[in-house]
Structure formats: structure tokens, C-alpha cells
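J.: Below is the structure, and that's it, no one-letter string:
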């Protein structure tokens, strides 16, 4: 019986999310590695891009995000190389005072000069919250045709 008295408050804390739930907006600067392989071309390079997103923090340890990412838009070896995506992800966070570490997994609709695909992506990162503003660094790997991985620095505003 004593065990139930300890487990019940802990279990209920996961359902009391209205106090901590909040929407946020964010923007990221991306530095991406990409590779283009087709019948005529085979090369890889790096390029910078951006990500704009909306998120909703459901709990201190869980959030969902959706947005648009523009990874690559350049000309290389007489070929126009581009890759962008509409993306959505689930993020699991471990808050430690004003800092946090997190992991994410998501799916995106990737558009590139090699065609459109729906692919998964995953990443890890760390952030610091300064009032309503949060800054983060992240590494993300993609299973897409052109973009392979990216490093990003992000700024978010939580409402």
C-alpha cells in the first residue's frame, strides 16, 4: 500500500501538463553536408541554410515541432543543386536547471533536384533557456537523397 502512495503522485505528474505546456517559434542556421549521385554527376560538398519552425512543449520532457528547412541551393559542376523539406518531429528532453539535452526523431517531405521523398531524420542537441528565449546547438542526420547531416544553432521564443 505504501508503494501505491508513492507511485500515484509520480504517475499523475505526467498528466498535469497544462501549467508547463507552451507554444514556441524558432529559427536555425544550418550547415549541411550533401551528396549528389546520379547518372551524370557524383560529388559532395557543404552548404549553409536555414530552418523555420513552430513547436509545442507538451511537458517538461516532451515537445513536438513542425517547420520548413532549406538545406542547399547552389550551382555545382553546371548543375543546380537544391534540397528543402517540410519536417515534423517529436523531441524528448532532459532538463538540468536552465540547460537541457535532447534527442529527436522525425519525418519530412524532402524535395531536391533528384526527386521528392518522404524520409526520417534524427538528432541530438543541447540548449540553454534564458527566460522566454532558448538557444540550442544540434547535430541532425537525414536519410534523404541529397542532404546527409547538418549542424545548427537555433534561437526560440516561448510564449
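T.: Perfect, I can see it now. In this text, all values refer to a predicted model and were calculated from it rather than measured experimentally.
J.: All the strands of this structure, residue numbers only.
T.: Under the criterion DSSP state E, the chain contains strands at 22-37, 42-59, 62-76, 79-96, 99-112, 115-130, 133-142, 147-158.
J.: Pipe those into JSON lines and attach mean pLDDT and mean neighbour count per row.
T.: Any C-beta I mention is one placed from the backbone N, CA and C, and that applies to glycine too. Formatted as JSON lines, those follow (pLDDT from 0 to 100; neighbours: other C-beta atoms under 10 Å):
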{"stretch": "strand 22-37", "mean pLDDT": "93", "mean neighbour count": "17"}
{"stretch": "strand 42-59", "mean pLDDT": "92", "mean neighbour count": "16"}
{"stretch": "strand 62-76", "mean pLDDT": "92", "mean neighbour count": "18"}
{"stretch": "strand 79-96", "mean pLDDT": "93", "mean neighbour count": "17"}
{"stretch": "strand 99-112", "mean pLDDT": "97", "mean neighbour count": "18"}
{"stretch": "strand 115-130", "mean pLDDT": "96", "mean neighbour count": "15"}
{"stretch": "strand 133-142", "mean pLDDT": "98", "mean neighbour count": "18"}
{"stretch": "strand 147-158", "mean pLDDT": "96", "mean neighbour count": "18"}
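J.: I'd assumed residue 122 was in contact with residue 141.
T.: Yes - counting by C-beta atoms under 8 Å, residue 122 is a contact partner of residue 141 at 5.9 Å.
J.: how about residue 129, what does it touch?
T.: 98, 99, 100, 158 (C-beta atoms under 8 Å, 6 or more residues apart in numbering).
J.: and with 7 Å instead?
T.: residue 98 (C-beta atoms under 7 Å, 6 or more residues apart in numbering).
J.: Check residue 70 too.
T.: Counted by C-beta under 7 Å, 6+ apart, residue 70 has contacts 49, 50, 84.
J.: Check residue 125 too.
T.: With C-beta under 7 Å, 6+ apart, residue 125 has these contacts: 102, 136, 137, 138, 139.
J.: Could you measure from the fourth one over to residue 117?
T.: To residue 117, residue 138 is 22 Å away according to C-beta to C-beta, to the nearest Å.
J.: And for the third one?
T.: Residue 137 sits 27 Å away from residue 117, taking C-beta to C-beta as the criterion.
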